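Asker: Here is my input; please provide its structure:
(2 chains)
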Amino acid sequence: MTDRAGLAAVIHQALEPGAAAHQVATAAGVLRSLVERAHHGDAAAEAASQHALYELHSRSDPATAATRRWLAAWVYPVLDRYIPGSSLPATASAAELGAAADAMIAARSRVRHPMSIHLFSGAPSAAEISRFLEHHWLRSCRFYQLVVEFAQLRDDFADLAVLYDNLFEETGGGDPSKAHPPLLARLMRHLGLASSFTERAVMVEEQAYLNNRVRCARHEDPAWGYAVLYAIEAVTSSNHRNIYQMLRRAGVPEDACEFHRMHGMVDDGHAARMWTSIQRHAASAGFRATFLRSLEHHFRLTGPYFDALWHELRQVERTSPPSRPADPPRAG
Amino acid sequence: MTTIRDIDLDLRALLRDPGEGGRRLAGTAERAFRDAEAYATYHRALYELHDRDEPETDCERRAIASPAYRCEERNISRVEVPVALPEAALIEAIDRQVLSGGRGQHPMIRHLFGGQMTVEEVRLFLRHQWFRTYRLYQDATDLAVNLAYDLEGAATMARYLYQEMGEDDPAGAHVALLANLLRELDVPCDPGARSTLLEEIVYLNNRRRSFRSPEIGWAFAIFYVTELVVSASHQHLYRVMRDVGVSEQGAEYYRVHIAMVPPRAKREWTFFWRFLQRREVQETFLTSLRHHLEVERRYFDAVWRVMQALPGRAAGRAR
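Answerer: Reported below is the predicted structural model:
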């Protein structure tokens, strides 16, 4: 039996109704040993463990939620252990942390990736845009879940006010039809693309990227989650403005582009508000060190993920004529 | 303070082996349905697991509690619903339960709303309001995580949490407003406050179990009934506070809920009804509601007994 099939079988047993504690412990042990092997260069173990972790994170059935969370929590400390400390010198204040974080985001964010340059300044085909959006859906549709899980372990009202404000807006400000996933789904439907919560990532780099976001959001140390949420919020605004322009150039009507038009306006505010929370925590040297460690790791995973996406896009047969070449993208 | 050691469960050892810990706690939960001593021991241990402010053991503490929750759910006597009720009939069944067993009928609440409380009695009432309220947002966040797979559920809980947290001003968070009120009357309002009153602990444990349950009927019942009564109840309490000399600003906590909650509760019901059309969910909902009202009545009885024993309490005030 392959690693993947063996792991899937023990996890399946652990998630059965009435599973015994020893079955849950067995699944946790197998998953944990595969994560260890993955960190010693075993690619099959990496693929199997990321896939299993992704399933634990993404399934929607409430009956197994507690066990899934428990199993995943068994591997988080192993994953933590293999993440190196930040390569940057220690920062001495919140202001220095802000400068270091913004420099890292500017240097390593996806805006400079060749795929982004092709999509936003080149002449992407309709098929390439579609493929890009399919992955965009996988990254975006569960973002609000990261925010609520991150809030679950916080007890400072100043943190919670910012997080619940963010969550309220992501979920439509009280009107679920205006929540961000249905707005993005409107675009997906317009282009004939799937947009259900049961869509699954299959690429290991994408699973690793998404799994890391969940691990950070659930971490007891808020520095892990804040780094990832801030990195995402900080680039979303400019990124979504670029996507909006790409879509409009490709002839997508205004109404279907609502998600990117609106997000292009609000997320700078989200990032700024989140920074006010981060700044309070950043009085602690330990928080600053972990924040940079988490941020650097997020980009360590973003690079290969976008490389893999770019590789996939270049395989896409150009079935439709290129759209009009674009103006250079805005900085961000 | 009672700790988990009282049931011979070493927390450190439990955290090393939560599977075994869960099994032992569930065993105590099972005995708690027949044995008063096991009942007290179980609930004090569970309360310790719920309220230890240790994010690093959160996952283990949940895992230990989980089998005990399922044991409780098996043992609580079920309301039977042979066929799913139409919406109006279900609302009627709920209203019937609330009218006959809700806190509005309780002698302590009638005494309070009757405007007869002394300042000392009001202070005691508020001390317990603090225990009931200051971690409610944590229970609601657990429910929000449980419902996150459902976008409408996530939006419903997001609106609730956003409003309870003061919208965009943490100084206006409802817990902060309650703390302002308590400070004005010199009532302790520490965020690490732990109750020692068993009936209160049982009430809080039951709410937390219900909000964490994968069967959402458990949570919906308590959430719904709390929202249902809060507007009228806080209207009375606002007046009581003003009558005992609390400032307008101090009484803000009660004033703010009067108009805010009814439209929110209406939207929440629309969401709940989507799930409640299923017979099994109605059954869990009505079971949870009945159980919650019983637990709440025993809790209010216990506070009422303490209140009646307050020194210097004017004879003849009690009804």
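
Asker: The closest residue to chain B within the stretch 1-150 of chain A - nearest residue in space that isn't next to it in sequence?
Answerer: Residue nearest to chain B within the stretch 1-150 of chain A (C-beta to the nearest C-beta): A:A21, separated by 3.3 Å. All C-beta spots, glycine's among them, are computed from the backbone N, C-alpha and C. In this structure, A:A21 finds its nearest non-sequential neighbour in B:G19, 3.3 Å apart by C-beta to C-beta, 6 or more residues apart in numbering or on different chains.

Asker: doesn't A:T26 make contact with the one you found?
Answerer: No: the criterion here is C-beta atoms under 8 Å, and B:G19 misses it with A:T26 at 10.6 Å.

Asker: Enumerate every residue touching the residue nearest to A:A21.
Answerer: Applying C-beta atoms under 8 Å, 6 or more residues apart in numbering or on different chains to B:G19 gives the contacts A:A21, A:H22, A:V24, A:A25, B:A63.

Asker: Find out how far the helix or strand harbouring the second one is from the centre of the chain, if you would.
Answerer: In this assignment (DSSP states H and E), A:H22 forms part of helix A:21-38. In terms of C-alpha atoms, centre = their mean, to the nearest Å, the gap separating the centre of helix A:21-38 from the centre of its chain is 24 Å.

Asker: Skip ahead from it and say which helix or strand is next.
Answerer: Once helix A:21-38 ends, the next helix or strand along the chain (criterion: DSSP H and E) is helix A:43-58.

Asker: For that following helix, which outside residues touch it?
Answerer: A:2-4, A:7-8, A:11, A:31, A:34-35, A:37-38, A:68-69, A:71-72, A:75, A:142, A:200-201, A:204, A:207-208, A:210-211, A:214.

Asker: Helix or strand next in line after the element among helices and strands of chain B having the smallest mean pLDDT, which one?
Answerer: The weakest-scoring helix or strand in chain B, judged by mean pLDDT, DSSP states H and E, is helix B:11-16 (a mean of 63). Per DSSP H and E, the first helix or strand lying C-terminal to helix B:11-16 is helix B:18-32.

Asker: What's the mean pLDDT across that next one?
Answerer: Here helix B:18-32 scores 88 as its mean pLDDT.

Asker: For the stretch 101-250 of chain B, which residues are neighbours of chain A?
Answerer: By C-beta under 8 Å from any C-beta of the partner chain, the residues of the stretch 101-250 of chain B that approach chain A are B:137-138, B:141-142, B:144-146, B:148-149, B:151-152, B:154-159, B:161-162, B:165-170, B:173, B:175-176, B:191, B:212, B:214-216.

Asker: Pop the domain breakdown of chain A in here.
Answerer: Segmentation of chain A into domains, based on automatic domain parsing, reads A:3-81, A:94-315.

Asker: Quick check: end-to-end length of the shortest one?
Answerer: Read that as domain A:3-81. End-to-end distance for domain A:3-81: 22 Å, by C-alpha to C-alpha, to the nearest Å.

Asker: gap between it and the chain center?
Answerer: 20 Å.

Asker: Over to the last one?
Answerer: Mean C-alpha position of domain A:94-315 versus that of the full chain (C-alpha atoms, centre = their mean) differs by 6 Å.

Asker: Contacts (any at all) between chain B and that domain?
Answerer: Yes: Domain A:94-315 comes into contact with chain B (C-beta under 8 Å from any C-beta), by way of A:144-145, A:148-149, A:151-153, A:155, A:157-158, A:160-161, A:164-165, A:167-168, A:170-172, A:174-176, A:179, A:181-182, A:197, A:220-221.

Asker: Going through those residues, which ones are buried?
Answerer: A:144-145, A:148-149, A:151-153, A:157, A:160-161, A:164-165, A:167-168, A:170-172, A:174, A:176, A:179, A:181-182, A:197, A:221 (16 or more other C-beta atoms under 10 Å in any protein chain shown).
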